[in-house]
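Enquirer: Have a look at this fold, sequence not included:
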């Protein structure tokens, strides 16, 4: 057997002759469809894993054929991998690791992913004198590498474009199990999945479709999920916002305005003044403004990808500046003037009030002195008269009256009826007596 293997690897003529003989034999006796339906190849276990062993068993055959020939698909003499002769147990194999058992089963040890393929076996049925062919598939699985998500459009336009997201894996024979958006299944209103779940189609993308997205793959021995993928779509620009919002500026100040708008890719900005283009920057700065800068300032935001633009107007008013700064001396003069005015006003009010009060008191005293005495009653006159010291004025009639004792010159009674006395009532007592001697009213 070792000699046959070495002959196969060095391409010797005996192996070539055997292949030619087998090919002629197959051409002479063709397998039938009915016979193929009853015989099959079954992997044991059902699938292989990298590094393990697997046996391809023949099921459905009740006879012991004289030989077995194994192929990797498609069936062709050049794809033959093993031949086993039942009578002497000799076998010819293409790889040293392969082995054919007496019942025709094929052992494949140390599996690799490249062993995944379709396998066929042919043998001669002496009862029917026909060649029987059976076919089966071998799947070998290994740990899955992380899949990746590929987008059909790296910059789709919002509310316009359709995007296809495809889950790609380097491993064959995988199942694309599921798609996730923000850790949950994507909404079905504008999304469609391909039959194998490999591709997610989103129609007319919007800001809600940004993601992130993940796809998960699976095979019988492992599963793995992709890194999050965020859909980068073009949108905007939104209506610009201009700051600051103060529309009034004094002459000589610096006018500074800033414009911004939501957009992807970032918007381009242009400033207009009363409809005339000024600059193409997000910020506008005009130092030392004058009255001529009063008017309408317009910010225009545009997006070259979406082909859209938006604008915002702001009316700015420039006013003259009135100086309100005064020197310290001027401020002190103003304060002193105000205080002097307050004092003068108070003095005037005081003078007018007491002058009026004095006139009323004098009038009241005059009316009291000129009133005639009542009939049948004694008239008593109380005078607030002060006599000078050493005066010989007679006090007759007062000193002899028991009801009116002599009152000293400095008596407190001299202040009688002081509440009605005014400075104008302090008349010289000598003059009062002269008036009374003539019979005139004082």
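Expert: Done, it's in. Bear in mind that the values here come from a model prediction, so they are computed numbers and not experimental data.
Enquirer: Need the single longest strand in the protein, by residues.
Expert: Residue-count comparison of every strand in the chain, with assignments taken from DSSP state E, identifies strand 308-319 as the longest.
Enquirer: Doesn't residue 336 belong to a helix?
Expert: Yes: using DSSP: H, G, I helix; E, B strand; the rest coil, the assignment for residue 336 is a helix.
Enquirer: Give me the neighbour count for it.
Expert: 10 (other CB atoms under 10 Å). For every residue, glycine as well, the C-beta is placed using N, CA and C.
Enquirer: likewise the one 10 residues further on?
Expert: The burial metric for residue 346, expressed as a neighbour count using other CB under 10 Å, is 10.
Enquirer: same thing with the one 3 residues further on?
Expert: A total of 10 residues lie near residue 349 under the criterion other CB under 10 Å.
Enquirer: which SS state does it fall under?
Expert: Following three-state DSSP, the label given to residue 349 is helix.
Enquirer: do you know how far residue 113 is from residue 149?
Expert: Note on residue 113: its distance to residue 149, by CB to CB, to the nearest Å, is 23 Å.
Enquirer: residues near the residue nearest to residue 209 when sequence neighbours are not counted, how many?
Expert: In space, and not counting its chain neighbours, residue 209 is closest to residue 202: 5.4 Å by CB to CB, 6 or more residues apart in numbering. By the other CB under 10 Å criterion, the neighbourhood of residue 202 contains 26 residues.
Enquirer: Return the residues in contact with the closest residue to residue 236 other than its chain neighbours.
Expert: Residue nearest to residue 236 in three dimensions, not counting chain neighbours: residue 263, with 3.4 Å by CB to CB, 6+ apart. Contact criterion CB atoms under 8 Å, 6 or more residues apart in numbering gives 235-238, 301, 303 as the residues in contact with residue 263.
Enquirer: neighbour-wise, which of the residues you listed leads?
Expert: The residue in the contacts of residue 263 with the most neighbours, by other CB under 10 Å, is residue 301 (26 neighbours).
Enquirer: which SS state does residue 353 fall under?
Expert: Local secondary structure at residue 353 is given as helix here, using three-state DSSP.
Enquirer: pLDDT at it, what is it?
Expert: The pLDDT attached to residue 353 in the predicted structure is 71.
Enquirer: which ones are touching residue 121?
Expert: For residue 121, the contacting residues are 41, 56, 58, 68-71, 104, 106, 133-135, by CB under 8 Å, 6+ apart.
Enquirer: host element of it?
Expert: In this structure, residue 121 sits in strand 117-125 according to DSSP states H and E.
Enquirer: Now do that strand, average pLDDT.
Expert: Per-residue pLDDT values over strand 117-125 give a mean of 92.
Enquirer: Any buried residues in that strand, and which?
Expert: The neighbour-count criterion (16 or more other CB atoms under 10 Å) identifies 119-125 as the buried residues of strand 117-125.
Enquirer: Can you name the residues that contact the residue nearest to residue 292 when sequence neighbours are not counted?
Expert: Of all residues beyond its chain neighbours, the one nearest residue 292 is residue 318 (7.8 Å), with distances taken as CB to CB, 6+ apart. By CB under 8 Å, 6+ apart, the contact list for residue 318 reads 249-251, 255, 289-294.
Enquirer: Quick check on the residues you listed: which are buried?
Expert: Buried members of the contacts of residue 318, scored by 16+ other CB under 10 Å, are 249, 289, 293-294.
Enquirer: want to throw the residues you listed into TSV with secondary structure?
Expert: Rendered in TSV, the data for the buried ones among the contacts of residue 318 read as follows (three-state DSSP):
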residue	secondary structure
249	strand
289	coil
293	helix
294	coil
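Enquirer: Okay, now the sheet partners of the helix or strand residue 150 falls within, with direction.
Expert: Of the helices and strands defined by DSSP H and E, residue 150 is found in strand 148-151. Each strand pairing with strand 148-151, determined using DSSP bridges, is listed with its direction: strand 163-168 (antiparallel).
Enquirer: where do the helices sit along this protein?
Expert: Secondary structure of the chain (DSSP state H): helices located at 2-9, 13-28, 33-38, 328-369, 429-437.
Enquirer: Quick check, pLDDT for residue 272.
Expert: We have a pLDDT of 97 for residue 272.
Enquirer: beta partners for it?
Expert: Where residue 272 sits in a bridge, its partners, by DSSP bridges, are residue 277, residue 298.
Enquirer: count of neighbours near it?
Expert: Number of residues near residue 272 (other CB under 10 Å) recorded here: 17.
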